[in-house]
Each structure stands twice: as structure tokens, then as C-alpha cells.
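>>> I need the structure of the sequence given here:
(chains A and B)
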Amino acid sequence: MITMENYEGWLMRYADGALTREEREAVEAFLSLHPELREEMEEVVAVKVTPVMATLPGKESMLHKEESAFTWWRVAAAVVLLAVVGTTLLVINRKPIEGGPMIAKESGSRATERIDLIDTIEAIEEIEAIEGIDSASIRSILPVNSIATIPSIPSIKESPLLAEEAASLPQTQPEETPLVENRIIPISLPEPTVTVAPVIENARLAVNPWLESLVANR
Amino acid sequence: MDAKEYNHCVRHLGDDLYRFALRYANFSAAAEDAVQDVFADLWERRDEVEFSGAKGWLIRALYRRLVDLHRHDTVVWQARVEHDEEYCQHERFELKDALAKALASLPEQLRMLVLLRDLEGYEYAEMARLTGLSEQQVGVYLFRARKQLKKQLEDYR
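You can find the predicted model right below:
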């Protein structure tokens, strides 16, 4: 309810647009009853205070040093980003390439075992060539696991005796065999003349008959 | 709020706050001290104040600061009305000088409400919250303040 006791606040808020539609209608109805107050209101509203023209002295002295753009969290974020990118690149580079040399790097893989077996066979052949000892004699001093895996190589399978002997030996899963054992074979060979005697006869006949004459001629 | 945001407040709000304080105090040294005090306070409390609400926080702090200064040094504040050189060269300096004196003669709360409304554009709800008055009371005080200013300016003429 607008009265002559409280109209000041209503008129001021009316002039400043701070009333709801219903309140404005109530003020307009009140002003229609007291037109002299409308003139007073318009004169009062016209009084406005304007700002002085002045600037704050010593503003620069109130400023504080701003933190560097390289705050600790930004450095940490950069490190994490580099780590992620680096790891991603490593993973991409280690991705196996079909038919490529990286396959053999996988320790314990079939490919590695095959390479080790080939090394073994090549070593045997080398010993055969240099020392004149047949492969069966050499096999007798090889680690059991190595002999057991030799028949999987096609060139060795051509020898029925080797295949038969290999089959009779306890089979060991290639996955369980440390590949390192195969690689030390050429290094740890003892004197072949001491250990090969019992096997030489069979091997000579079955594997390489031409070696028989070679030994006999010695 | 970090240092960069604080400095932004100093650069962009410092002048407005100073003019507000100068209008209220009519005494440049007191206005400068008051503004520097509230900025120093803002720096101390920068971890508590959000950048988005910094202007409102500064106005409220300045309001409290000016009211305290006024209550403790009323005689000095009412006696001194000064303007900077640029202001004194204004063609309507005398009228503005009369307005400054009329404003200085207003009771502290009426003066503050006029300045909040005219210089800072505060809404009634904001002024009510800041001063602890109702919106209707704010309207009454503003009406009376303007009416008194008008009367004093008419006396000047």
C-alpha cells in the first residue's frame, strides 16, 4: 500500500525501474491521485552524481610480480606428455614387422629356437669339416635338450638314425629350454676322441657312409 | 585469484574505485589510502576471492573502509573538499564544486547509496545487501538524498 508516508521509496524505485509490473501499476494509480508528486519525482530523479576526473596515483607500485608461465604444473604436464609420446613411439617401433628380423628378438619364441638350432647344426657341420668327426659323435656330447630339438630341422630329418634316436630321447618342450644352452655348444666341446667312440660306428654307417672310409683311412 | 588477475583488477578497477572514494571523501589522500588499503587486503586474501567476484568484493571492502574512516575523522572529511588540477579546469567547475560540497554534506549512508547507484550502477537488491537495508528503505534514502542535493544546488544558483 502506497501512502503519503512511504511514497518516497516507491517513487524512487519506480523512476529507477526497480518495480514489478503490478507495483508499477500501483504507483501510477497513486500518482494519478497525487499529480503534484509526479513533478517532485521528476525533479528528484534528474539529480545525478557524476564521477570526478581522476586516476589512482601510484597504481604501478601496487602491482605484484606475476608467476612465470612455466609454473610447476605446466612443467609436470610437459614431462607427462613427453613420457606418453616417448612410450607410444617405443611401442610403435617395437611392433613386429612381418618377415622382418625383429621376430627373432623375442626371447623364447619359435623363431629364436629355430635360429639357435640352425646355429647348432652349422656348428656340427663345422666340426665335421674341421675335425673330421661325424655329426652323430658330436650329438653324443651335446646337451640332451639340444639333441631332442635337432630332428625338427629338415636337414637332420633326412637322417633316419638321428630321427630315431631323437624320438627315443625324453622330449622337452622347446618353450622350457633356455635358449642360452644351445649357444654354448661350440665353446664347451671336449676332446671328441675321448667321448665319441661308442656312437661312431652306428652313426658312421647310418648317417654318412662315406665318412666310414675316411675314418678307416686315418 | 592469482597475481595476474590481481594486477588486472588494479589496472582496470583502480581508477573507478579511486573516483568513487574521492567522491565520497572529497579528499584525495584519504581516497588514495582507502583504495590502496583495499587492494592490499585483496592481495592478502587473493586465495579466498574469485576473480569473477573481485569488483563486488572491492566495492564492499572500500565501502566499509570509507565508512570507518568517515566515522573516525568526520571533521577533516567534512572540512576538506578538493579536486585535481584537471577537474578544476573544467568549464563547469563551479557547479561541480557545488555538487561536491552538497554531496559531502549528505549523511554518510545517503551519500554512499547515491554513489553506489550513480557511479557503480548498483541495483537495489545489491545496495540493500551491502548496507543491510531493505530495498524500500534504499529507495527512501535515495529519494531524500537526491532531494537534498537538489535543494543545495538550487541554493548555489
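>>> any idea how far B:Asn7 lies from A:His64?
Using Cβ to Cβ, to the nearest Å, B:Asn7 is found at 6 Å from A:His64. Using the backbone N, CA and C atoms, a C-beta is placed for each residue, glycine as well.
>>> got it, and A:Glu28?
With distances taken as Cβ to Cβ, A:Glu28 is found 53 Å from A:His64.
>>> between these two, which one's more packed in?
Using other Cβ atoms under 10 Å in any protein chain shown, the more surrounded residue of A:Glu28 and A:His64 is A:His64, with 14 against 11.
>>> leaving out chain neighbours, which residue sits closest to that one?
Setting aside the residues directly before and after it, A:His64 is nearest to B:Ala3 in space (Cβ to Cβ, 6 or more residues apart in numbering or on different chains), at 4.8 Å.
>>> so how far is A:Ile2 from the one you found?
52 Å.
>>> those two: who's more crowded?
Between B:Ala3 and A:Ile2, A:Ile2 has the larger neighbour count (other Cβ under 10 Å), namely 19 against 14.
>>> give the buried residues for the strand or helix carrying B:Ala61.
Using DSSP states H and E, B:Ala61 sits in helix B:54-72. Neighbour counts using 16 or more other Cβ atoms under 10 Å in any protein chain shown place B:54, B:56-59, B:61-63, B:65-66, B:69-70 of helix B:54-72 among the buried residues.
>>> tell me where the model's unsure across the chain.
Reading this off chain A. Along chain A, segments meeting pLDDT under 70 span A:68-71, A:95-121, A:124, A:127, A:131, A:133-167, A:169-218.
>>> that answer is for a different chain, and I need it for chain B
Scanning chain B for pLDDT under 70 picks out the ranges B:70-96, B:156-157.
>>> pick out the residue of it closest to chain A.
B:Gly139 (3.4 Å; Cβ to the nearest Cβ).
>>> for B:Ala21, what are its contacts?
Shown in contact with B:Ala21 (Cβ atoms under 8 Å, 6 or more residues apart in numbering or on different chains): B:30-32, B:34-35, B:62, B:66.
>>> most neighbours out of those, which is it?
Neighbour counts for the contacts of B:Ala21 peak at B:Val35, which has 31 neighbours (criterion: other Cβ under 10 Å).
>>> phi, psi of that one?
Backbone geometry at B:Val35, expressed as degrees, to the nearest 10, gives phi -70, psi -40.
>>> contacting residues around it?
Contacts of B:Val35 by Cβ under 8 Å, 6+ apart are A:56, B:14, B:17-18, B:21, B:62.
>>> mind putting those residues into CSV with distance to B:Phe143?
Converted to CSV, those look like this (distance: Cβ to Cβ, whole Å):
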residue, distance to B:Phe143
A:Leu56, 32
B:Gly14, 32
B:Leu17, 26
B:Tyr18, 28
B:Ala21, 24
B:Leu62, 24
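>>> ok, for A:Val27, nearest residue in space, not its chain neighbours?
A:Tyr14 (4.4 Å).
>>> and the helix or strand where that neighbour lies, what other elements does it pack with?
Using DSSP H and E, A:Tyr14 maps to helix A:7-15. On a contact count with 3 or more Cβ pairs under 8 Å, 6 or more residues apart in numbering or on different chains; DSSP states H and E, helix A:7-15 meets helix A:21-33, helix A:35-45, helix B:135-156.
>>> which residues touch it?
For helix A:7-15, the surrounding residues in contact (Cβ under 8 Å, 6+ apart) are A:2, A:19, A:23-24, A:26-27, A:30-31, A:34, A:37, A:40-42, A:44-45, B:124, B:135-140, B:142-144, B:146.
>>> from those, which would you call buried?
Members of these classed as buried by 16+ other Cβ under 10 Å are A:2, A:19, A:26-27, A:30-31, A:37, A:40-41, A:44-45, B:124, B:135-140, B:142-144, B:146.
>>> residues in contact with the most centrally placed residue in chain B?
Using Cα atoms, centre = their mean, the residue of chain B that lies closest to the mean C-alpha position is B:Phe20, 3.5 Å off. Listed by Cβ under 8 Å, 6+ apart, the contact set of B:Phe20 reads A:51, B:59, B:62, B:115, B:119-120.
>>> B:Ser28 touches A:Ala54, doesn't it?
Yes: contact criterion Cβ atoms under 8 Å: B:Ser28 and A:Ala54 qualify, at 7.4 Å.
>>> just say helix, strand or coil for A:Thr55.
Following DSSP: H, G, I helix; E, B strand; the rest coil, A:Thr55 is assigned to coil.
>>> grab the nearest non-local neighbour of it.
Nearest non-adjacent residue to A:Thr55, counting by Cβ to Cβ, 6+ apart: B:Asp15, 5.1 Å away.
>>> in the helix or strand hosting the one you found, which residues are buried?
Assigned by DSSP H and E, B:Asp15 belongs to helix B:3-25. The neighbour-count check on helix B:3-25 (16+ other Cβ under 10 Å) flags B:6-10, B:13-25 as buried.
>>> chain center to it: distance?
Between the centre of helix B:3-25 and the centre of its chain there are 11 Å (Cα atoms, centre = their mean, to the nearest Å).
>>> report the angle between it and helix B:54-72.
Interaxial angle, helix B:3-25 versus helix B:54-72 (axes from the mean of the first three to the mean of the last three Cα atoms, to 10 degrees): 40 degrees.
>>> extract the C-alpha set from helix B:3-25 and format it as CSV.
Coordinates of each C-alpha in helix B:3-25 appear next as CSV, following Å, rounded to 0.1, in the frame of the first residue of the first chain:
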residue,chain,number,x,y,z
ALA,B,3,48.9,-12.3,-9.3
LYS,B,4,47.9,-11.8,-13.0
GLU,B,5,44.3,-11.5,-12.1
TYR,B,6,45.1,-9.2,-9.1
ASN,B,7,47.1,-6.9,-11.4
HIS,B,8,44.2,-6.9,-13.8
CYS,B,9,42.0,-5.6,-11.0
VAL,B,10,44.5,-2.9,-10.1
ARG,B,11,44.8,-1.7,-13.7
HIS,B,12,41.1,-1.8,-14.6
LEU,B,13,39.3,-1.1,-11.4
GLY,B,14,41.8,1.1,-9.5
ASP,B,15,40.7,4.3,-11.2
ASP,B,16,37.0,3.6,-10.7
LEU,B,17,37.5,2.8,-7.0
TYR,B,18,39.6,5.9,-6.6
ARG,B,19,37.0,8.1,-8.2
PHE,B,20,34.3,6.5,-6.0
ALA,B,21,36.4,7.1,-2.9
LEU,B,22,37.2,10.6,-4.0
ARG,B,23,33.6,11.4,-4.5
TYR,B,24,32.8,10.0,-1.1
ALA,B,25,35.7,11.6,0.8
